[in-house]
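Chemist: sequence plus the predicted model coming up.
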Amino acid sequence: MTSLDIAEVVRRSGVPASTLRYYEERGLIASTGRRGLRRQFDSSVLEHLALIALGRTAGFSLDDIVLVFGPPGDLRVDRALLTGKADELDRTITQLTAVRDSLRHAAACPAPSHAECPSFRRILSEVIEGRMAAADASAPKTPRA
């Protein structure tokens, strides 16, 4: 077991000491003790920090990361939660791809005005219908009299 002090973990991971202390407070990582006033960590903390960074990039909250990857020293992966996040990312990618394509079309559209462009009008209609469908789906259901 190789021990690293907090300064070495900061240097090797790029994570500020204040963030390391916060992660420790939240139960995401654990120090193995102190040497003088400096926290000591097992070298495996670098892998755990990489997992935390990966989770944050994927859009997981810190609370989710604890659930997905488990507490320090007990690496376990909640595969169902990962699958759900991957599905959510697929939906986001699809939406962002459509937005990107719409922006590119609007930028290159030869119509004198976007209001006159049939493709742009279709895009607007799809957005309006999509928002209304989403609003309808999330609206509370009230019984009809």
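Modeler: Nice, I can see it.
Chemist: and stretch 63-72, average pLDDT?
Modeler: Averaged across stretch 63-72, the pLDDT comes to 75.
Chemist: in a strand, Cys59, correct?
Modeler: For residue 59 the amino acid is Gly, not Cys. No. Using DSSP: H, G, I helix; E, B strand; the rest coil, the assignment for Gly59 is coil, not a strand.
Chemist: quick check: it vs Glu88, distance?
Modeler: Gly59 is 7 Å from Glu88, where distance means Cβ to Cβ, to the nearest Å. All C-beta atoms are positioned from the backbone trio N, CA, C, and that covers glycine.
Chemist: got the contact list for the lengthiest strand in the chain?
Modeler: Assignment by DSSP state E gives strand 38-42 as the longest strand of the chain. Here strand 38-42 makes contact (Cβ atoms under 8 Å, 6 or more residues apart in numbering) with 1-7, 9, 20-21, 24, 29-34, 73.
Chemist: of these, grab the buried ones for ChimeraX.
Modeler: To isolate the buried members of those in ChimeraX, using 16 or more other Cβ atoms under 10 Å:
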select :4,5,6,9,20,24,29,31
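Chemist: mind checking which helix or strand Leu96 is in?
Modeler: Here Leu96 sits within helix 79-108, counting by DSSP states H and E.
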